[in-house]
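Peer 1: pasted the sequence and its predicted model underneath.
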Amino acid sequence: MAQRLLLRRFLASVICREPSQSRWAPRASRALQTPQHSPNNLTVTPSQARSIYTTRVCTTTFNIQDGPDFQDRVVNSETPVVVDFHAQWCGPCKILGPRLEKVVAKQHGKVVMAKVDIDDHTDLAIEYEVSAVPTVLAIKNGDVVDKFVGIKDEDQLEAFLKKLIG
């Protein structure tokens, strides 16, 4: 699990880097070079590599792996965080989750969303007094500033986020 967490953080840091020159950043790869055939049936690989163009991709939603991960990515975050305590077996959670992700994505990085499965992380659920799911907390500068339990529509979720962002 620790290796997966390290890999995820490494990939996030590599993927979320600002492009060097413009909106598109070329990435060269020797594996993508196309061999060419000469008249003597010799295969020649050109020296110039093809470029792959990528765009900046940063996710605003992430799953919590363990207690230290929660501490690092939520409590110590400079960005306000919406924490969705959910469960796989919870019907309303399956409705609220995608709705909440959509509303958070509209904020363009002003707020991020952490998802905590209460069956996997009962210690966090107990610490934050989660007695029913779905429970959503708004955390800013390490402190819980707002909370709701149950399902909400998109307008109510947008109002919840605007209050968090300030």
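Peer 2: Thanks, I have it.
Peer 1: where does this structure dip in pLDDT?
Peer 2: For the chain, the stretches with pLDDT under 70 are 1-58.
Peer 1: so Phe160 makes contact with Lys152?
Peer 2: Yes. With contact taken as C-beta atoms under 8 Å, Phe160 and Lys152 are classed as touching, separated by 7.1 Å. Every residue, glycine included, has its C-beta placed from N, CA and C.
Peer 1: give me every residue that touches Lys102.
Peer 2: Under the criterion of C-beta atoms under 8 Å, 6 or more residues apart in numbering, the contact list for Lys102 reads Glu154.
Peer 1: phi, psi for it please.
Peer 2: phi -60, psi -40 (degrees, to the nearest 10).
Peer 1: so how far is Asp153 from it?
Peer 2: For Lys102, the distance to Asp153 (C-beta to C-beta, to the nearest Å) stands at 12 Å.
Peer 1: also Gly142?
Peer 2: In this view, Gly142 and Asp153 are 29 Å apart by C-beta to C-beta.
Peer 1: do the same with Ile64
Peer 2: Using C-beta to C-beta, one obtains 26 Å as the distance from Ile64 to Asp153.
Peer 1: comparing these two, which residue is more hemmed in?
Peer 2: Regarding Ile64 and Asp153, a neighbour count based on other C-beta atoms under 10 Å identifies Ile64 as having more, with 22 against 9.
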